[in-house]
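**Student:** Need a 3D model of the following:
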Amino acid sequence: MRRSAFVILGMAVAAGAGAQNYPVKPIRLVSPYPPGGANDILARIIGQKLGESLGQQIVIENRGGATGNIGAEYVAKAAPDGYTILMGQASNLTINVSLMSKMPYDPVKDLAPVTLVATTPNLLVVHPSLPVRTLQEFIALAKAKPAALSYASSGAGSPGHLTFELIKRMTGIQIAHIPYKGMAPGLVDLLAGQVQAAIPTISAALPHVKSNRLRGIAVTSAQRWRTVPELPTVAEAALPEFESVLWYGILGPAGMSPALVTKINADASNVMQRVDVRERLDAAGMDAMQMPPREFAAHIKSEIHKWAKVVKESGAKPE
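**Tutor:** Now for the predicted structure:
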C-alpha cells in the first residue's frame, strides 16, 4: 500500500512539474471547421495572443468535416500532454450527440474542458413585408396562419434551425423549415421574400437590419445586444428564461493533468481580458468569456441535455 501511495505521489509531482515547464514546443490548436468561418477566425485571434502569453507558437490546424466531428475526434485521440488542443463549439460538442446516430467520440468522456472563450447571439429577423414588429405579433400571426409561413436555416440540426424549433416548441406555432447549404443562400431567399424569417448569427443579420432590408425582432441571448440595444431579447419579449447562443471553448484530450488544465485556463482567461482581444471579438459579433474548467464541463452537460429534447421533437436528421 505504501509503495502504491509513493507511486501516485510521484505521478502527481511529475504532472505538476510538467505543467510548470509547459510548453517547451509549439502547440497545435485544432479548428474542426474550414478556414474563414467564425470558429477559424476565433482560433486565430486567441491562438496568436495565447501563444504570446505561453511563450510558444500556436499553430492553427483546420480539420473540417462531419459537422465538426473529424477535428474533435482527432483531438480526443491525441496525447493528453497539452500540445494538441481544440477550439470546439456548441454544435459539435452538444448538438451532434443527439443529431448523429453514431458519434466517433464522447464529448463528455473523451475531452477535457479547459475554458469557455466566447459567445455570440442569434437574431430573429423577418422580411419587411411581414406585418409584424414584435415577437408577440410574429407568434400571433403564425398562430393565425398555421403552416403558412416558412423560415430558412443553414441546415438541419444547425443552431439557427434548433433555436427556431425551440421557439416553436415553447409557443406551439407551426412554421415550415427550409434548410439551405449554409446561411448565405438562405439569407438571399429571405431578402427576396421567398421565405419569411430566419435566426442567423447577429454578425450575419445585422448589416441587412441596418440597411432596412430585414426587420430585427429579438435577440436570443439573455441580455440585449450592445449594437442593437433597441431590440428586446426573446425572453423579455415573450418567452421568459429563453436563451440560445452559439458558444466556443478550448478543450484538450481526456487525461490531461489538472495542473496542466489549470495553467492553460489561467493563460486563456488572461487573454480573454485583453482590451485588444475584446475589441476584435466585438467587431466579429462575439462576447469574450472565461470560465473555470468544472463550470465549463457542467455547462457542456447541461447543453447536451437541453438540445437533446429539441432534436428529438424536431425530428432533425444530419444531411
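
**Student:** Per the annotation, how does this protein divide into domains?
**Tutor:** 16-119+246-314, 123-237 (automatic domain parsing).

**Student:** for the protein, where's the lowest mean pLDDT among helices and strands?
**Tutor:** When each helix and strand of the chain is scored by mean pLDDT, DSSP states H and E, helix 2-21 comes last, with a mean of 54.

**Student:** Quick one: list the elements packing against the helix or strand just after that one.
**Tutor:** As assigned by DSSP states H and E, the chain's next helix or strand after helix 2-21 is strand 27-31. Counting by 3 or more CB pairs under 8 Å, 6 or more residues apart in numbering; DSSP states H and E, the packing neighbours recorded for strand 27-31 are helix 38-54, strand 58-62, helix 69-76, strand 84-89. No exception for glycine: its C-beta is placed from N, CA and C like everyone else's.

**Student:** Near residue 25, how many other residues are there?
**Tutor:** By other CB atoms under 10 Å, 10 other residues sit near residue 25.

**Student:** isn't it right up against residue 82?
**Tutor:** No - taking contacts as CB atoms under 8 Å, residue 25 lies outside contact range of residue 82: 10.3 Å.

**Student:** Poorly predicted segments of the stretch 201-319 of the chain, please.
**Tutor:** 319 (pLDDT under 70).

**Student:** 90 instead?
**Tutor:** Counting by pLDDT under 90, the ranges of the stretch 201-319 of the chain that qualify are 203, 227, 283-285, 313-319.

**Student:** Would you map the strands across it?
**Tutor:** 215-219, 245-253, 287-288 (DSSP state E, counting those that start in this stretch).

**Student:** Which one of those lies nearest to residue 86?
**Tutor:** The closest of these to residue 86 is strand 245-253. By CB to CB, the value is 4.7 Å.

**Student:** Which elements pack onto the closest one?
**Tutor:** Using 3+ CB pairs under 8 Å, 6+ apart, strand 245-253 is in contact with helix 38-54, helix 69-76, strand 84-89, helix 90, strand 111-121, helix 258-272.

**Student:** What is the shortest one packed up against?
**Tutor:** For helix 90, the packing partners by 3+ CB pairs under 8 Å, 6+ apart come out as strand 245-253.

**Student:** Between the two ends of stretch 87-99, what distance do you get?
**Tutor:** End-to-end distance of stretch 87-99: 20 Å, with CA to CA, to the nearest Å as the criterion.

**Student:** And it, how far out from the chain middle?
**Tutor:** In terms of CA atoms, centre = their mean, to the nearest Å, the gap separating the centre of stretch 87-99 from the centre of its chain is 8 Å.

**Student:** Could you do stretch 224-244 as well?
**Tutor:** With CA atoms, centre = their mean, you get 18 Å for stretch 224-244.

**Student:** and if you look at stretch 52-70?
**Tutor:** 16 Å.

**Student:** hmm, who's touching that stretch?
**Tutor:** 22-35, 39-40, 43-44, 47-48, 50-51, 71, 74, 88-89, 91-92, 96, 99-100, 103-105, 157, 267, 270-271, 318 (CB atoms under 8 Å, 6 or more residues apart in numbering).

**Student:** May I see the buried residues of that stretch?
**Tutor:** Buried residues in stretch 52-70, counted by 16 or more other CB atoms under 10 Å: 53-54, 56, 58, 60, 62-64, 66-70.

**Student:** May I ask which two of these are separated the most?
**Tutor:** Maximum pairwise distance in the buried residues of stretch 52-70, criterion CB to CB, is 31.6 Å, between 53 and 66.

**Student:** Residue 125 sits in which helix or strand?
**Tutor:** Going by DSSP H and E, residue 125 is part of strand 123-126.

**Student:** what are the pairing partners of that strand, and which direction each?
**Tutor:** Partners of strand 123-126 in the sheet, by DSSP bridges, are strand 197-198 (antiparallel), strand 215-219 (antiparallel).

**Student:** tell me the most buried of those?
**Tutor:** Greatest average neighbour count among the strands paired with strand 123-126 goes to strand 197-198 (a mean of 26), per mean count of other CB atoms under 10 Å.

**Student:** per-residue confidence averaged over it?
**Tutor:** Mean pLDDT, strand 197-198: 98.

**Student:** same check, this time on stretch 161-179
**Tutor:** 95.

**Student:** Dump it to PDB, keeping only the CA atoms.
**Tutor:** In PDB, the C-alpha atoms belonging to stretch 161-179 read as follows (Å, rounded to 0.1, in the frame of the first residue of the first chain):
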ATOM      1  CA  HIS A 161     -32.700  25.600 -37.000                       C
ATOM      2  CA  LEU A 162     -32.800  24.200 -33.500                       C
ATOM      3  CA  THR A 163     -33.200  27.700 -32.000                       C
ATOM      4  CA  PHE A 164     -36.300  28.200 -34.100                       C
ATOM      5  CA  GLU A 165     -37.600  24.800 -33.200                       C
ATOM      6  CA  LEU A 166     -37.200  25.600 -29.500                       C
ATOM      7  CA  ILE A 167     -39.400  28.700 -30.100                       C
ATOM      8  CA  LYS A 168     -41.900  26.600 -31.900                       C
ATOM      9  CA  ARG A 169     -41.900  24.100 -29.100                       C
ATOM     10  CA  MET A 170     -42.400  26.800 -26.400                       C
ATOM     11  CA  THR A 171     -45.200  28.600 -28.300                       C
ATOM     12  CA  GLY A 172     -47.000  25.900 -30.300                       C
ATOM     13  CA  ILE A 173     -46.700  27.700 -33.600                       C
ATOM     14  CA  GLN A 174     -46.300  25.900 -36.900                       C
ATOM     15  CA  ILE A 175     -43.700  27.300 -39.400                       C
ATOM     16  CA  ALA A 176     -42.200  25.300 -42.200                       C
ATOM     17  CA  HIS A 177     -38.400  24.800 -42.000                       C
ATOM     18  CA  ILE A 178     -36.500  25.300 -45.300                       C
ATOM     19  CA  PRO A 179     -32.900  24.100 -44.800                       C
END
